[in-house]
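In: Provide a 3D model corresponding to the input given below.
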Amino acid sequence: VLLDEEWRTIEAALHAGEMVSRNFAAVSEELSPAAPSWMKALVSGVLLVRRLREVRAYLGFQRVKPDPAKTVRPDVGAPENWLPASEVFGEGFVLALNFDLLEKWATDIPPDEKRSLKALEDKRLEENFWFLPRVDPIFLAIHTLSHLLLRRITFECGYSSSSLRERLYFNAETKYAAIMIYTADGDSEGSLGGLVRQGRKDRLAQSIIESLDQGRWCSSDPVCSETAGQGLGGFNHAACHACSLVSETSCTAANTLLDRRMLFDPDWGLLSFLEHCR
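Out: Next up is the predicted model:
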């Protein structure tokens, strides 16, 4: 529900071209005219978020096995009507993606891959990984792209990789997909502006190209690309620390549900699909 509300705000800012309030300031940006046609087809909009507010509340914790029903609340001594929370301000940029194109690609992936993803979703439900999103090829593709881009722009934006975070907006029912890379480590006045700069049209397309070029090959290949069941719960395929993983605090899904094949497989990967549907 929270992601849906955030997406409606982002979508309104994209349509209006600009949105400014006390806690949120954003302006839309175009892709570079020199961007390849497949990128222009995939990226339907770019939003530069010059100021955003993030509030994180501590709800409690579980031990041994995650179970929402057994959450230990922070008010152990006596019930309180408040929660400890932190408020920080930061910056970032959003890539809105063409959901119809992603949906068409996901429909055309091989049946064997669809069965493999179905088995992974069954495992997620059976082993009660409730904190992970539903296994979906579109989510795996945009999640992997987000990690590759995050790993690349940390060399350009002036922030360490652990200071950057991703936020993925994906809903198969209401049909939207987007990636936000942001930092919430700035002071109360905002942040340095370096991350917003990476979303400008003179930099973003090149950063996406470079991140994908780096992600095509891993120093642990062919082991990485051919090994299924990596990472937490075995939910990764073709993703390791050498190519795709980021800091745990930066990832929205505990460094799981990553698969470079979704992007780079020469027969059915998303990039191959985009290049052939031009």
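
In: now the strands for the stretch 151-278 of the chain?
Out: Remark: strands assigned in the stretch 151-278 of the chain by DSSP state E, counting those that start in this stretch are 164-171, 176-186, 228-230, 236-237.

In: please identify the most buried of those strands.
Out: Most buried of the strands of the stretch 151-278 of the chain, by mean neighbour count (mean count of other CB atoms under 10 Å): strand 236-237, with a mean of 24. In this view, the C-beta of every residue, glycine as well, is placed from N, C-alpha and C.

In: who touches it?
Out: Thr227, Ala228, Gly229, Gln230, Ser244, Asn255, Thr256, Leu257, Leu258, Asp259, Arg261 (CB atoms under 8 Å, 6 or more residues apart in numbering).

In: pLDDT weak spots in this structure?
Out: Along the chain, the parts satisfying pLDDT under 70 run over 66, 185-192, 278.

In: and the longest strand belonging to it, how far from the chain's centre?
Out: Longest strand in the chain, counting residues (DSSP state E): strand 43-57. Strand 43-57 sits 13 Å away from the centroid of its parent chain (CA atoms, centre = their mean, to the nearest Å).

In: what's it packed up against?
Out: In terms of contacts (3 or more CB pairs under 8 Å, 6 or more residues apart in numbering; DSSP states H and E), strand 43-57 is packed against helix 2-16, strand 25-29, strand 85-97, strand 176-186, helix 194-198.

In: looking at these, which is nearest to Val223?
Out: Ranking the helices and strands packed on strand 43-57 by distance to Val223, with CB to CB as the measure, places strand 176-186 first at 27.8 Å.

In: which strands and helices sit next to the closest one?
Out: So strand 176-186, by 3+ CB pairs under 8 Å, 6+ apart, packs with helix 2-16, strand 43-57, strand 85-97, helix 99-108, helix 137-153, strand 164-171, helix 194-198.

In: between it and helix 99-108, how many degrees?
Out: Interaxial angle, strand 176-186 versus helix 99-108 (axes from the mean of the first three to the mean of the last three CA atoms, to 10 degrees): 110 degrees.

In: contacts for stretch 5-25 next, please.
Out: 26-28, 45, 47, 49-53, 89, 94, 96, 167, 169, 171, 176, 178, 180.

In: how about stretch 195-206?
Out: With CB under 8 Å, 6+ apart, stretch 195-206 has contacts from 29-32, 34-36, 39, 46-50, 91-94, 153, 156-159, 164, 181-183, 207.

In: which among those end up buried?
Out: 29, 31-32, 35-36, 39, 46-50, 91-94, 153, 157-159, 164, 181-183, 207 (16 or more other CB atoms under 10 Å).

In: can you lay out the helices and strands packed on strand 176-186 as JSON lines showing distance to Arg22?
Out: Converted to JSON lines, the helices and strands packed on strand 176-186 look like this (distance: least, CB to CB, whole Å):
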{"stretch": "helix 2-16", "distance to Arg22": "13"}
{"stretch": "strand 43-57", "distance to Arg22": "8"}
{"stretch": "strand 85-97", "distance to Arg22": "10"}
{"stretch": "helix 99-108", "distance to Arg22": "31"}
{"stretch": "helix 137-153", "distance to Arg22": "27"}
{"stretch": "strand 164-171", "distance to Arg22": "20"}
{"stretch": "helix 194-198", "distance to Arg22": "18"}
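
In: deepest-packed of these, please.
Out: helix 137-153 comes out most buried of the helices and strands packed on strand 176-186 by mean count of other CB under 10 Å, with a mean of 24.

In: and it, what does it pack onto?
Out: Using 3+ CB pairs under 8 Å, 6+ apart, helix 137-153 is in contact with helix 99-108, helix 111-126, strand 164-171, strand 176-186, helix 204-215, helix 261-264.

In: with that, I have no additional questions.
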